[in-house]
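Participant: Would you be able to build a 3D model of this:
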Amino acid sequence: MGRRERPVDPADGPVAAFAVELRKLRWEAGGLSYRAMAARVPCSAATLAQAAAGDRFPTLPVTLAYVQACGGDIEQWRTRWEEALAAVREATAVGGDVSQAPYRGLARFEAADQAYFFGRTALVERVAELVDAYRLVVVVGPSGCGKSSLLRAGLVPKLRPRVVRVVTPGAHPRAVLPEAAADEVIVVDQFEETFTLCQDPDERQAFIDALVNGQAGRVVLAVRADFFDRCARHPALMEAVRDSTVPVGPMSRSDLREAITKPAAAAGLIVQRELTATVIEEVAGEPGGLPLMSHALLETWRRHHGKALTLADYEATGGIHGAVAHTAETLYTDLPPTHRQRLRELLLRLVTPGEAGTQDTRRPVRRAELLTADPLDPGPVLLERLAAARLITLDDDTADLAHEALLTAWPRL
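Facilitator: Residues are numbered from 1 along each chain as shown. You can find the predicted model right below:
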């Protein structure tokens, strides 16, 4: 029999729990001494003992040597080690204030995020040139191609020192359109809200007329591609942007590499080459893939250790196609049943169902309309938890989905 070991409580965390599993394997093998185990494998007795001490997580080679010495199933334990590693990384992730992260998840990049915005240099230059040449410019592309970030974190800083104001149409678009001063540029983001949220045809037409007739000065519109046909129903608008429409397509591989590695570099981090290559392969040519990529990288950042973002950390998030669902589903399943129902009510209020030929769209809603006067209403806490997970955005009085990608990336929603 081997020497008596210091007791380890599996409830102390994934490292301790894995150590207890290794000790159990050794006991089932007859309680071999570590000296006897070391005679069977190329590891010292001290190294094998340390693997099951519960002080730190053992490496895979040491774990497999331990298992081999005890006559265990190597492949089964390889899987158990990988699962335990994911749990360890989750438990010891950096977490912290996501405002310090180099990636923005589902949320768009703002002008203040310029230091982390990469991959769209040529497109920003193109839009800026058109703003100088034309009074009305349209940027059009599918949901998730990065239009909002392009304008807010790319174009706005590019146009300085000119004053640039960013507005969204909302339910009353004419009211949000200011009279522009000389050399001022108005960016109308999410122009599709003109059709999805504004219910008054006369107000909608007045808004479009103001854009076309120059009452707002120089204007840049960003519109989802599946709503461009609605724009085409207004001939004067289409004539005004005949030569100043900019399509936004998927990023090239070189642009994707910049968008992956340069934000990390700006934060003093590096991205493992294998991780960069994997993300590029998963995102290249994927319509609407940028917010999913950004969320997966944000979750990878939460899990990173030291100075490197690794493929193992990335795979633990669920990757491009699983990270958003993993984040949202974890939040949902951690709630008691009554809170889950309230969360469902809140999220569905933030969605405008699509009509024939168009996808569902997000719907900004005033917090006062979402919450009740009941002091026991979990609504306020749920909104804050959704915002902390970067699934929604909150400003002083409005809640909004962080991105429409959430509507398709989270199966439950």
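Participant: How are the strands of the chain distributed by residue range?
Facilitator: Per DSSP state E, the chain carries strands over the ranges 136-141, 164-167, 185-188, 218-224, 245-247, 270-271, 308-309, 351-352, 361-362, 365-366, 392-394, 398-401.
Participant: what does the longest one contact?
Facilitator: Okay, so that is strand 218-224. 127, 131, 135-143, 147-148, 150-151, 155, 180, 184-192, 211, 231, 241, 361 (Cβ atoms under 8 Å, 6 or more residues apart in numbering). Using the backbone N, CA and C atoms, a C-beta is placed for each residue, glycine as well.
Participant: quick one: the longest helix anywhere in the chain to chain centroid distance?
Facilitator: Assignment by DSSP state H gives helix 74-91 as the longest helix of the chain. Going by Cα atoms, centre = their mean, to the nearest Å, the spacing between the C-alpha centre of helix 74-91 and its chain's C-alpha centre is 25 Å.
Participant: got it, and stretch 46-57?
Facilitator: Counting by Cα atoms, centre = their mean, stretch 46-57 comes out at 37 Å from the chain centroid.
Participant: repeat for stretch 323-336
Facilitator: On Cα atoms, centre = their mean, the centre of stretch 323-336 falls 14 Å from that of its chain.
Participant: For the chain, name the helix or strand with the lowest mean pLDDT.
Facilitator: helix 74-91 (a mean of 81; mean pLDDT, DSSP states H and E).
Participant: Met217 reaches Val188, doesn't it?
Facilitator: For residue 217 the amino acid is Gly, not Met. No. Assessed by Cβ atoms under 8 Å, Gly217 is found out of contact with Val188, at 11.9 Å.
Participant: So which of the two has more stuff around it?
Facilitator: More crowded of Gly217 and Val188, by other Cβ atoms under 10 Å: Val188, with 25 against 17.
Participant: Show me the beta-bridge partners of that one.
Facilitator: Beta-bridge partners of Val188, counted by DSSP bridges, are Val167, Leu221.
Participant: With Val166 as the reference, measure out to it.
Facilitator: Distance of Val188 to Val166, given as Cβ to Cβ, to the nearest Å: 8 Å.
Participant: residues contacting Ala296?
Facilitator: 279, 314, 317-320, 323-324.
Participant: got a markdown table for the residues you listed, with pLDDT and neighbour count too?
Facilitator: Listed next are the contacts of Ala296 as a markdown table, based on pLDDT from 0 to 100; neighbours: other Cβ atoms under 10 Å:
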| residue | pLDDT | neighbour count |
| --- | --- | --- |
| Val279 | 95 | 25 |
| Tyr314 | 90 | 27 |
| Thr317 | 86 | 24 |
| Gly318 | 86 | 17 |
| Gly319 | 88 | 19 |
| Ile320 | 86 | 21 |
| Ala323 | 89 | 25 |
| Val324 | 89 | 29 |
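Participant: nearest to Thr196, of the residues you listed?
Facilitator: The shortest approach to Thr196 among the contacts of Ala296 belongs to Val324, at 22.3 Å (Cβ to Cβ).
Participant: which stretches of the stretch 251-400 of the chain aren't confidently modelled?
Facilitator: 287, 356-358 (pLDDT under 70).
Participant: do the same with the stretch 1-150 of the chain
Facilitator: 1-4, 89-99.
Participant: got the residue ranges for the helices in it?
Facilitator: 14-28, 34-38, 45-51, 60-69, 74-91, 121-133, 147-149 (DSSP state H, counting those that start in this stretch).
Participant: Mean neighbour count, these: which tops it?
Facilitator: Most buried of the helices of the stretch 1-150 of the chain by mean neighbour count (mean count of other Cβ atoms under 10 Å) is helix 147-149; its value is a mean of 23.
Participant: what helices or strands is that one leaning on?
Facilitator: Helix 147-149 sits against strand 136-141, strand 218-224, with contacts defined as 3 or more Cβ pairs under 8 Å, 6 or more residues apart in numbering; DSSP states H and E.
Participant: For burial, what's the neighbour tally of Thr372?
Facilitator: Thr372 has 10 nearby residues by other Cβ under 10 Å.
Participant: Just send the contacts of Ala296 back as TSV, with distance to Trp27 too.
Facilitator: Output for those, formatted as TSV (distance: Cβ to Cβ, whole Å):
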residue	distance to Trp27
Val279	43
Tyr314	36
Thr317	35
Gly318	35
Gly319	37
Ile320	42
Ala323	39
Val324	42
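Participant: between the residues you listed, which is closest to Arg108?
Facilitator: Val324 (15.1 Å).
Participant: was I right about that closest one contacting Glu404?
Facilitator: No. Using Cβ under 8 Å, Val324 is not in contact with Glu404; the gap is 11.6 Å.
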